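the following block contains a protein sequence and its predicted model.
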There are 2 protein chains.
Amino acid sequence: MARPRQFDEDRALDAAMRTFWECGYEATSTQDLCTATGLGRSSIYNTFRSKRELFARSLARYLDTMAEAQDAVLEDTSRPPAQRVRALLDKIVSDEFDHRPHGRSLGCLGVNSTVELAARDPEAARLLDRDAARRLRTLSAVIAAGQRDGSIASTRGSDALARYVNAVIGGMRIAAQGGADRAAVQSVADTALDALTS
Amino acid sequence: MARPRQFDEDRALDAAMRTFWECGYEATSTQDLCTATGLGRSSIYNTFRSKRELFARSLARYLDTMAEAQDAVLEDTSRPPAQRVRALLDKIVSDEFDHRPHGRSLGCLGVNSTVELAARDPEAARLLDRDAARRLRTLSAVIAAGQRDGSIASTRGSDALARYVNAVIGGMRIAAQGGADRAAVQSVADTALDALTS
DNA sequence: GTGGTTTTGTATTGATCGGTTCAGAACTTG
DNA sequence: CAAGTTCTGAACCGATCAATACAAAACCAC
C-alpha cells in the first residue's frame, strides 16, 4: 500500500539506546541519534515522535532486556538459591568489565537514568519503579527459597534482603563507573554475600 | 584601587552547587545559574571563567564539605569504631530523607557526577577519584580499628570492607533517588552491617 | 574631586538545540 | 502502468545554548 521502511526499527532503537547509555539523556543530541542510527531526522521523528519518546522506548527496552537476563540467572533451578544470588553479583561484575567500548564502564542505563531523570521525568520514574519492583520480586522469592533450604542463613525478611542486594548492585555499578578495578568490585560482591550467609 | 564585588563569592558558589546538584550539569543552563545566584552573566563569567569551571569548583566544594562531615562521624573517638560506621550509614539515611527541597531525594552530587561525567570529563573524574580515595582511607582506618578491638568481626581486609561500605552508601543513595522509602533505605543500612559484624 | 580600575547590565555573538515542512523518491496495490 | 500512500533527505524554524563585547556605573587611591 505504500513505501516500506528501509531500516529495522529494532536495530535503530538499539543504536539509540546505546547512545543514551553512553552519553545520558541531556548530552545526547538529536544529531547524535541520527548519526548512531544512520537515519535521517524525518525517519526518526516519523517513527518515534520525539527525543523523549525515543528515550522512553530505549529505556523500556533496556530494562526489559536486563530484567530478563537477571531473572534467567535467578531462576536457574540447577543451582541452589544462594548460588544464584552469587551468580547474579558475578554477572554484574562481568557486565561492568567486559566489552567496554571506551575504556570506562557505562554503568547501567537504569541507574544512570534514575540519577539523571527520576526526579524530573515522571514517565522515566514510572518505568524505573516498575523495573525495580519486578527485580525485587524475583530476588525476594529466590532469597526466601534460600532461607528455606538453609543456604541463606540470615533471619532478616527476604524483602529487606532483596532490597539490600539490589542496593549493593547499584553501588557496584557506581564504583565501576568511578574507576574501581575489577578485583575491587568483585570484592564488594563477595563481602556483600557475607550478610546473607551469616 | 577599584570597584569591589557586590556579592559573596562563596554564597554564589553555594547557590550554583545546589543548582548542579538538583538538575545535573547538562540540564543546568547558564541562565539557571544567573537566577540561582542572583548574579548577572558578566559577574559569573568574570568570577568563574566558564560553566565548566564553575561546576568543577562546585563539585570540589561539595566533595570537600561532605568528606569533612563523614570524617567527623568516623573519627568521633567517643564511640567504638563499629558504631561509627553505623552512625555513618545512619547519616546517609538522614541526608537522603531530611530537607528534601522538591519531595524527592537529590542523591549525592558526587554519585550524580560520577554517573553523568566521570567517563567524559577528566577533571571531574580526577576530583571524584581523589574524593573516593580520601573517604576510603578514613573508612579503612576505622574498620581496621574495629577489627582490632573486636567490634568488627569480619576477617576480610579493611580495604575491601571499606570499599564495600562505600559501595553500599552509593547503593543507598540510588535507592533513595529511585523512590525507596526511609524504612527501606534504613533496612539496607542495617543489613549491610551484618557483613561486618559476622 | 580625579584618574585608573573593576564590576555590572544589556545587547549580542555564532552555534546548536529539538522539531517541522515539504517536495519528490520509492514502493504497494490494483 | 497508474493511483495512492509512505518514506526520505534537505532546508529550515524559532528558541536556547554557552560565551563575549561594550559602555556605563561604582568604587578606591591619591
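It's in. Residues are numbered from 1 along each chain as shown, chains lettered A, B, ... in the order given.

give the contact list for residue A:152.
By Cβ atoms under 8 Å, 6 or more residues apart in numbering or on different chains, the residues touching residue A:152 are A:81-82, A:85, A:143, A:146, A:161, A:196-197. Where you see a C-beta, it was placed from the backbone N, CA and C, and this is true even at glycine.

let's see it at 7 Å
With contact set as Cβ atoms under 7 Å, 6 or more residues apart in numbering or on different chains, residue A:152 has these partners: A:81-82, A:143, A:146, A:196-197.

list buried members of these by neighbour count.
The neighbour count (16 or more other Cβ atoms under 10 Å in any protein chain shown) marks A:81-82, A:143, A:146, A:196-197 as buried among the contacts of residue A:152.

Throw those into JSON lines and include distance to residue A:62, thanks.
Formatted as JSON lines, those follow (distance: Cβ to Cβ, whole Å):
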{"residue": "A:81", "distance to residue A:62": "26"}
{"residue": "A:82", "distance to residue A:62": "28"}
{"residue": "A:143", "distance to residue A:62": "25"}
{"residue": "A:146", "distance to residue A:62": "28"}
{"residue": "A:196", "distance to residue A:62": "27"}
{"residue": "A:197", "distance to residue A:62": "31"}
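
residues touching residue A:80, list them.
Taking Cβ under 7 Å, 6+ apart as the test, what residue A:80 contacts is A:149, A:151.

swap in 10 Å and give it another go.
Counting by Cβ atoms under 10 Å, 6 or more residues apart in numbering or on different chains, residue A:80 touches A:86, A:142, A:145-146, A:149-152.

with residue A:113 instead?
Contacts of residue A:113 (Cβ under 10 Å, 6+ apart): A:20-21, A:24-25, A:55-56, A:58-59, A:62-63, A:121, A:124-125, A:127-128, A:131, B:115, B:178.

tell me the one of the buried ones among the contacts of residue A:152 nearest DNA strand C?
Distance ranking of the buried ones among the contacts of residue A:152 against DNA strand C, using Cβ to the nearest atom of the strand, places residue A:143 first at 41.2 Å.

and the closest residue to the closest one other than its chain neighbours, backbone torsions?
The shortest distance from residue A:143 to any non-neighbouring residue, by Cβ to Cβ, 6 or more residues apart in numbering or on different chains, is to residue A:158 (4.4 Å). Residue A:158 adopts backbone torsions of phi -70, psi -30, taken as degrees, to the nearest 10.

same question for residue A:150.
The phi and psi values for residue A:150, taken as degrees, to the nearest 10, are phi 90, psi -10.

so what's the nearest residue to residue A:104 once chain neighbours are set aside scoring on pLDDT?
Once flanking residues are discounted, residue A:104 sits nearest to residue B:119: 4.2 Å by Cβ to Cβ, 6+ apart. On the pLDDT scale, residue B:119 is placed at 95.

same question for residue A:2.
pLDDT for residue A:2: 82.

from residue B:187, how far off is residue A:164?
Counting by Cβ to Cβ, to the nearest Å, the separation of residue A:164 from residue B:187 is 7 Å.

which of those two has more neighbours?
Between residue A:164 and residue B:187, residue A:164 has the larger neighbour count (other Cβ atoms under 10 Å in any protein chain shown), namely 30 against 21.

the more buried one: what secondary structure?
helix (DSSP: H, G, I helix; E, B strand; the rest coil).

you'd agree it is up against residue B:168?
Yes: here residue A:164 reaches residue B:168: they are 8.3 Å apart, a contact under Cβ atoms under 10 Å.

which neighbours do those two share?
Residues touching both residue A:164 and residue B:168 (Cβ under 10 Å, 6+ apart): A:192, A:195, B:188-189, B:191-192, B:195.

which pair of those residues spans the longest distance?
Across these, the longest distance by Cβ to Cβ is 13.2 Å; it joins A:192 and B:189.

mutual contacts of these two, please.
Here residue A:192 and residue B:189 share the contacting residues A:164, A:167, B:168, scored by Cβ under 10 Å, 6+ apart.

which residues do residue A:164 and residue B:187 both contact?
With Cβ under 10 Å, 6+ apart, residue A:164 and residue B:187 have common neighbours residue A:156.
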